[in-house]
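Visitor: Sharing a model that was predicted from the sequence below.
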Amino acid sequence: MSSDKEQREQDPSAHEHMVDSEKHVQRNPHPDFKKVEGLRPDWRAEEKWAFTKTKDPNWKLGQGGNDGGESLKKEHIEIDPYEDGRPGIFNYKLLISAIIPRPIGFISTVSKDGKCKSTNLAPYSFFQVIGFDPPIFIVGFAGGFDHAKDSLRNLVDTGECCINIISEHFLEAANTCSINAPHGTSEWAMTGLHPAPCRDVKASRVKESVFSVEGKLMETKEYESRVTKGKKTCVLAIIEGIRFWAREDAINEDRNIIDPAVLRPMSRLGGITYGRLLEGVELPRPEFDKATKDGKAEGLLKPKTEGQ
């Protein structure tokens, strides 16, 4: 964790920096979004979460893709992320459109001094769980400590946060937390979401969230641009989950499985696009002895070679 407290002090230009960044990214491709949205089908509220078969339930060892080889007919374009003249924002837009779907960490924090104006609630899609013993989560914050927004500054100063998972029933409210409101404006009030107390951290959890995690900061690491010398572009935060909260109708009797039909999580895609999870397939991990016992896979059991 950085020991330089001055890096983490409130930067009065941080909010303006965020607004300028959004204008530069140009996430919204529609000049009149409401007009475009009005032409689309209504939300399918009647859709129930369900299991389906895999695309090819009869897939065999060594078969490769399930598309009949269609993907092999396509060529690829090589992209150098540091190519001369290529703006860094191109890599950002490329990656958020390709690395999908991404889970969303809806993070609640409070400031060390406890002042209400510094509480924060914000969605982060550079987020993932990477371990279970201890439960470890990672969050990527854009920019460096010199332009730290409330979530990062609060997390570092207090060492605490609450991570909430976003579901369909409060998507619009969660998305509203990304609004470029003046510093000190309450996200809780603007969204209408309800804070609920945590047990071991001061930050509130989102009452509407089906699953929440109380977290303690383990460490941070700041990264520098490969293109612009001295420019800080990312801070990685590693967080330990110290307590879980699960809605009673979503958790099983052993308290070890969340029902996706109740959670109905939203994922982040590219640009301003979110994804719904409506279907799942079950695909057991193969066991070598069972998968090869008929002898038909014998020709596939070859040593590893270069070029694979």
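Guide: Done, it's in. Numbering: from 1, shown residues only.

Visitor: Tell me who's in contact with the residue nearest to the spatial centre of the chain.
Guide: Central residue check for the chain by Cα atoms, centre = their mean: the C-alpha nearest the mean position is that of residue 125, 2.7 Å away. Taking Cβ atoms under 8 Å, 6 or more residues apart in numbering as the criterion, residue 125 is in contact with 96, 102-105, 268. No exception for glycine: its C-beta is placed from N, CA and C like everyone else's.

Visitor: rerun at 10 Å
Guide: The contact partners of residue 125, by Cβ atoms under 10 Å, 6 or more residues apart in numbering, come to 96, 99-105, 139-140, 166, 267-269, 274.

Visitor: Which of these has the largest number of neighbours?
Guide: residue 166 (28 neighbours; other Cβ atoms under 10 Å).

Visitor: surely that one meets residue 173?
Guide: Yes. With contact defined as Cβ atoms under 10 Å, residue 166 reaches residue 173; the gap is 9.1 Å.

Visitor: if I look at those two, which residues touch both of them?
Guide: Jointly contacting residue 166 and residue 173 under the rule Cβ under 10 Å, 6+ apart are 106, 206, 208.

Visitor: which ones among the residues you listed are found in helices?
Guide: Here DSSP state H is the test, and these give no hits in helices at all.

Visitor: is it possible to export those residues to a markdown table including neighbour count?
Guide: Formatted as a markdown table, the shared contacts of residue 166 and residue 173 follow (neighbours: other Cβ atoms under 10 Å):
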| residue | neighbour count |
| --- | --- |
| 106 | 26 |
| 206 | 27 |
| 208 | 20 |
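
Visitor: What sits closest to residue 225 if chain neighbours are left out?
Guide: Excluding its sequence neighbours, the residue lying closest to residue 225 (Cβ to Cβ, 6 or more residues apart in numbering) is residue 231, at 4.2 Å.

Visitor: gap between that neighbour and residue 142?
Guide: 12 Å (Cβ to Cβ, to the nearest Å).

Visitor: Between the two, point out the one with more neighbours.
Guide: A direct count of neighbours by other Cβ under 10 Å for residue 231 and residue 142 places residue 142 higher, at 17 against 13.

Visitor: Do I have it right that that one meets residue 236?
Guide: No. Judged on Cβ under 10 Å, residue 142 makes no contact with residue 236 at a distance of 11.3 Å.

Visitor: quick one: residue 52 and residue 279 touch, right?
Guide: Yes. The pair residue 52 / residue 279 is scored as a contact, 5.3 Å apart, by Cβ under 10 Å.

Visitor: before we move on, the earlier item: spit out the residues that contact residue 142 and residue 236 alike.
Guide: residue 126.

Visitor: residues in contact with residue 259?
Guide: 49, 210, 246-247, 249-252.

Visitor: Roughly how far does the closest residue to residue 206 other than its chain neighbours sit from residue 261?
Guide: In space, and not counting its chain neighbours, residue 206 is closest to residue 164: 4.3 Å by Cβ to Cβ, 6+ apart. Distance, residue 164 to residue 261, by Cβ to Cβ: 19 Å.

Visitor: which one of those two has more residues nearby?
Guide: Set residue 164 next to residue 261 and count neighbours by other Cβ under 10 Å: residue 164 wins out with 28 against 13.

Visitor: how near is the more buried one to residue 244?
Guide: From residue 164 across to residue 244, the span is 11 Å (Cβ to Cβ).

Visitor: Find residues that contact each of the two.
Guide: Residues within reach of residue 164 and of residue 244 at once, by Cβ under 10 Å, 6+ apart, are 211-213.
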